[in-house]
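Engineer: just the structure for this:
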Amino acid sequence: MNKTFSESVEEKAAERTKNVSGRIIVGFSGGADSTVLMTVMSKLFGRESIVAVHVNHMLRGADADSDERFCHDFCEARNIKFISRRIDVKAMCGGKAFEETARNVRYNVFSEISEAEGAKYIALAHTQSDNLETVLFNLFRGSGLAGMRGIPESRPCGSATVIRPLIDCTRSEILGYTKENALEFVTDKTNADTHYTRNFIRANIVPQIKALFPQAEGAVGSMSDAAALDFDFIGRCADDFIFENAVGNKLPAEKLRAIHPSLRRRVISVL
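Structural biologist: Alright, predicted model coming up:
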């Protein structure tokens, strides 16, 4: 018997968070992904254990303010603690590098609030579909093994750890979950602007890939997991090599020449 979208998403999220406990910050933009994440985390950990955090970047005028109100009302109706921050990203970045600045702002806010709330984890709503787009983006830019790792399952953020409970879920599963649970969500109109590289990949390249390879998201997700393991292993070997052979910040040239090129490259990048 086939699982419902709700069963599939919740089981995958439970597996990814099986070692998570305590207070959890949940990034909440109001979009489909984060709305599903809020719902799932509330079910898995209880609404008293989560704190929804919304960052209004003040880039989309009335639309951004409307999204913030939606998130506030969503949490208020479910008795979930809600914290929002309004930060003028455009003023901060001087009209350039909007996406990078906005991203850095969000992580700074998450880190600050997690410390204030005593939360060890920050849950973000990246999905398997996001990972596919990220890997393609990195591939076309000529990335090596580091970029093929895609979006990591977890990473440090200040004194907390970022986790991604939905990283094994596709966008189709997320939308299926919203329908099964009658969840309303907001849509960022800028997501349809294909002047942004990621949006172009999502709108024009991914559909053609999936027409040929319907399981592309899962296949790339497995590849990313394998690449992450390889990247970590080579990194540990590089650390061991440096520890055993370095004199200050210098290494004997003959020993560098004797090791595998992959390891040599990592050693040089670390020094």
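Engineer: all helices for the stretch 51-200 of the chain, in order.
Structural biologist: With DSSP state H, counting those that start in this stretch applied, the stretch 51-200 of the chain shows helices at 62-77, 89-93, 98-117, 128-140, 145-148, 171-180, 197-200, listed in chain order.
Engineer: can you give me the buried ones in the second one?
Structural biologist: For helix 89-93, the buried set under the neighbour-count rule, 16 or more other Cβ atoms under 10 Å, comprises 89, 93. The way it works is simple: take the backbone N, C-alpha and C, and place the C-beta from them, glycine included.
Engineer: contacting residues around it?
Structural biologist: By Cβ atoms under 8 Å, 6 or more residues apart in numbering, the list of residues contacting helix 89-93 from outside reads 57-59, 98, 100-102, 105.
Engineer: can I get those in TSV with neighbour count?
Structural biologist: What follows is the contacts of helix 89-93, written out as TSV (neighbours: other Cβ atoms under 10 Å):
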residue	neighbour count
His57	21
Met58	17
Leu59	16
Phe98	16
Glu100	11
Thr101	19
Ala102	19
Val105	18
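Engineer: ok, so of these, who is nearest Ala228?
Structural biologist: Comparing the contacts of helix 89-93 against Ala228 with Cβ to Cβ picks out Glu100 as the nearest, at 22.7 Å.
Engineer: now the closest one: how far from Pro152?
Structural biologist: Note on Glu100: its distance to Pro152, by Cβ to Cβ, to the nearest Å, is 18 Å.
Engineer: also Ile24?
Structural biologist: To Pro152, Ile24 is 18 Å away according to Cβ to Cβ.
Engineer: who has more neighbours, those two?
Structural biologist: Of the pair Ile24 and Pro152, Ile24 is the one with more neighbours under other Cβ atoms under 10 Å, namely 23 against 15.
Engineer: so what's the more buried one up against?
Structural biologist: Contacts here follow Cβ under 8 Å, 6+ apart; on that basis Ile24 touches 41, 45, 49-51, 119-123.
Engineer: got any ranges where the chain has weak pLDDT?
Structural biologist: Counting by pLDDT under 70, the chain contains low-confidence residues at 1, 94-97.
Engineer: and the longest helix belonging to it with helix 171-180, angle?
Structural biologist: Secondary structure of the chain per DSSP state H: the longest helix is helix 216-245. Angle, helix 216-245 to helix 171-180, by axes from the mean of the first three to the mean of the last three Cα atoms, to 10 degrees: 120 degrees.
Engineer: show me what whichever helix or strand comes after helix 216-245 is in contact with.
Structural biologist: Counting by DSSP states H and E, the next helix or strand C-terminal to helix 216-245 is helix 253-258. Residues from elsewhere that reach helix 253-258, judged by Cβ under 8 Å, 6+ apart: 245, 264, 267-268.
Engineer: closest one of those to Val162?
Structural biologist: The closest of the contacts of helix 253-258 to Val162 turns out to be Val267 (Cβ to Cβ; 27.9 Å).
Engineer: show me which positions of the helix or strand harbouring that closest one end up buried.
Structural biologist: Val267 is part of helix 261-270, with elements assigned from DSSP H and E. By 16+ other Cβ under 10 Å, the buried positions in helix 261-270 come out as 263-264, 266-267.
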